[in-house]
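Trainee: Here's my sequence, what's the structure:
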Amino acid sequence: MPNWGGGAKCGACGKTVYHAEEIQCNGRSFHKTCFHCMACRKALDSTTVAAHESEIYCKTCYGRRYGPKGIGFGQGAGCLSTDTGEHLGLQFQQSPKAARSATTSNPSKFTAKFGESEKCPRCGKSVYAAEKVMGGGKPWHKTCFRCAICGKSLESTNVTDKDGELYCKVCYAKNFGPTGIGFGGLTQQVEKKE
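Mentor: Down below sits the predicted model:
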């Protein structure tokens with residue numbers, strides 16, 4: 001039977017899809033509002049869609065349903081997830097190592113949600129992302145990112161580290177640099193002849 005004036009049928013709802021609202025995927029047409037993951041109902045676009053036969057999924061649900069299974073087959077950041085895929089009808093067997101209980105007995109709500117924060121080597125307090133400066137491979141507060149000797153504020157161009165402490169280049173050179181005649185540490189003495 002001919003299709004008089006209408007567009008293709010939507011792959012999700014079966015209704016007519018007109019050109020202005022059409023999204024094509026895998027040779028099929030969808031309404032923009034029907035272009036959702038068939039498992040989690042998350043809205044999809046051309047970068048997040050994964051098609052399997054006549055079904056469309058987000059990449060996460062597609063990997064859970066049709067990807068490799070078992071220990072060692074993590075799916076990017078999803079391998080760190082505690083989601084077992086039960087909402088997709090998948091069975092998950094927990095390994096004995098994963099069944100261990102946490103080592104902390106009663107973590108605070110903050111550390112449970114955001115994790116343990118790093119400590120500043122100078123003051124020993126927590127360093128949060130908004131105030132974090134990296135130096136010598138360690139996180140520092142912006143206010144603690146100073147020379148240990150003269151207290152001068154440091155930048156990436158003038159910082160030097162030694163034994164876990166930060167120094168400006170001038171103080172580092174004076175205290176740990178080469179010494180002797182010509183290096184500012186000793187002066188040449190002239191013997192007086194009589």
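
Trainee: Going by C-alpha atoms from here, please, whenever you check contacts or count neighbours.
Mentor: Will do.

Trainee: quick one: pLDDT of Gly184?
Mentor: Listed pLDDT for Gly184 reads 57.

Trainee: before we move on, what about Cys168?
Mentor: The per-residue confidence score, pLDDT, reads 90 for Cys168.

Trainee: Please tell me how far it sits from Phe176.
Mentor: Here the distance between Cys168 and Phe176 works out to 12 Å (Cα to Cα, to the nearest Å).

Trainee: in this protein, what secondary structure element scores lowest on mean pLDDT?
Mentor: helix 109-114 (a mean of 52; mean pLDDT, DSSP states H and E).

Trainee: And Cys168 and Phe176? Which one has more around it.
Mentor: Neighbours per residue (other Cα atoms under 10 Å) separate Cys168 from Phe176, with Cys168 holding more: 22 against 9.

Trainee: ok, that one - contacts?
Mentor: By Cα atoms under 8 Å, 6 or more residues apart in numbering, the residues touching Cys168 are 146-147, 152, 154, 158-160.

Trainee: now with 10 Å?
Mentor: Taking Cα atoms under 10 Å, 6 or more residues apart in numbering as the contact definition, Cys168 lies against 146-155, 157-161.

Trainee: ranges for the strands of this structure?
Mentor: Taking DSSP state E as the test, the strands found in the chain are 8-9, 16-17, 22-25, 28-31, 49-52, 55-58, 118-119, 126-127, 132-135, 138-141, 159-162, 165-168.

Trainee: For Tyr66, find the nearest of those strands.
Mentor: Proximity to Tyr66 (Cα to Cα) singles out strand 49-52 among these, at 8.6 Å.

Trainee: which residues touch the closest one?
Mentor: Around strand 49-52, the neighbours that count as contacts under Cα under 10 Å, 6+ apart are 25-26, 35-37, 43-44, 56-63, 66.

Trainee: any weak-confidence spans in this structure?
Mentor: Filtered on pLDDT under 70, the chain yields the residue ranges 1-6, 69-116, 180-194.

Trainee: again, only this time at 80
Mentor: Per-residue confidence of the chain (counting by pLDDT under 80) places the weak regions at 1-7, 54, 66-117, 156, 178-194.

Trainee: do you know how far the closest residue to Gln24 other than its chain neighbours is from Met134?
Mentor: Spatially, and ignoring its direct neighbours in sequence, Gln24 is nearest to Phe30 (6.2 Å; Cα to Cα, 6 or more residues apart in numbering). Distance check for Phe30 against Met134: by Cα to Cα, it reads 49 Å.
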